[in-house]
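*Asks:* Just a sequence and a predicted model for now, questions to come.
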Amino acid sequence: MASYYDAEAQLLGGGSKESYSYEFAERTVRQGFVRKVFGILGLQLLVTAAVTAGFMFSAPLRTYVYTAQWPFWLAFGLSISIMVALSCSESLRRNHPYNMITLAAFTLCEAFLVGTVSAAYNTQLVLLAVGMTTVVVLGCAAFAMQSRVDLTLSSGALVSVGLAFMSALVLNLFIRANWLSVALCGLGVALFSLYLVFDLQLLMGGHKYSLSPDEYVFAALNLYLDVINIFLYILDLLSRLNRD
């Protein structure tokens with residue numbers, strides 16, 4: 001029996017029963033980690049969709065938000081603060097249940113912001129942006145799973161491109177050229193699509209670098225931000241193209 005197991009392990013690329021068992025256990029843990037992160041991400045997106053729908057289809061709520069802007073800026077400030085705290089504090093990210101409570105607070109703030117922004121656009125445009133975002137996200141997921149390109153090796157380049165993109169956004173505040181705004185929206189979609197592939201590869205493992213299974217909150221946070229930013233840039237791009 002033992003010799004049969006050893007022969008099978010050799011065929012599967014392992015050298016011993018112990019190494020095969022370790023690889024199987026590691027793969028099982030990674031699969032559980034991926035399911036957990038996608039479950040959290042799904043809940044985040046459902047909450048965001050529900051809040052956004054409330055803003056879009058409730059005229060009194062929409063009117064209040066645009067007459068009293070302090071809730072928007074409060075949510076914006078809290079969102080940035082929580083994001084920085086989760087990114088910088090490993091203990092906060094890993095200490096249950098405080099990590100989930102913090103992530104829930106961040107999600108509610110982001111949902112409020114997305115709902116407020118989406119309410120300013122035509123309903124059909126928002127639905128079209130949702131559909132296009134879904135296609136982009138599924139395409140990125142397929143690429144991350146099938147491609148041999150390892151983006152986890154390119155974190156430095158992605159950070160540099162992100163900083164250059166932020167500089168261009170600041171420059172556009174002064175230039176205010178519509179053609180530049182359209183170009184930046186397209187670049188924003190492309191950039192956050194790359195970030196999404198990068199974060200998916202970190203999540204799934206099998207590449208040079210990967211996330212620890214303890215970082216499920218951090219993984220969900222990154223994926224959620226990628227998807228939301230892709231949606232917002234697509235929405236802005238569609239609006240500008242429709243305006244022209």
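*Replies:* Right, received. Where do you want to start?
*Asks:* Show me what the longest helix anywhere in the chain is packed up against.
*Replies:* Taking residue count as the measure and DSSP state H as the definition, the longest helix of the chain comes out as helix 17-57. Secondary-structure packing of helix 17-57 (3 or more Cβ pairs under 8 Å, 6 or more residues apart in numbering; DSSP states H and E): helix 2-11, helix 59-67, helix 98-118, helix 123-146, helix 178-204, helix 216-243. Quick note: C-beta positions are derived from backbone N, CA and C, even for glycine.
*Asks:* Rebuild those as CSV, extending it with mean neighbour count.
*Replies:* Converted to CSV, those look like this (neighbours: other Cβ atoms under 10 Å):
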stretch, mean neighbour count
helix 2-11, 11
helix 59-67, 12
helix 98-118, 20
helix 123-146, 15
helix 178-204, 19
helix 216-243, 21
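*Asks:* picking that back up, give me the angle between the longest helix of the chain and helix 216-243.
*Replies:* Using axes from the mean of the first three to the mean of the last three Cα atoms, to 10 degrees, the direction of helix 17-57 lies 40 degrees away from that of helix 216-243.
*Asks:* can you list the helices and strands packed on helix 17-57 in a markdown table and add distance to residue 168?
*Replies:* As requested, those are arranged in a markdown table below (distance: least, Cβ to Cβ, whole Å):
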| stretch | distance to residue 168 |
| --- | --- |
| helix 2-11 | 53 |
| helix 59-67 | 28 |
| helix 98-118 | 20 |
| helix 123-146 | 21 |
| helix 178-204 | 6 |
| helix 216-243 | 13 |
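*Asks:* Quick one: closest of the ones you listed to residue 170.
*Replies:* Set against residue 170 and scored by Cβ to Cβ, those come closest in helix 178-204, at 10.8 Å.
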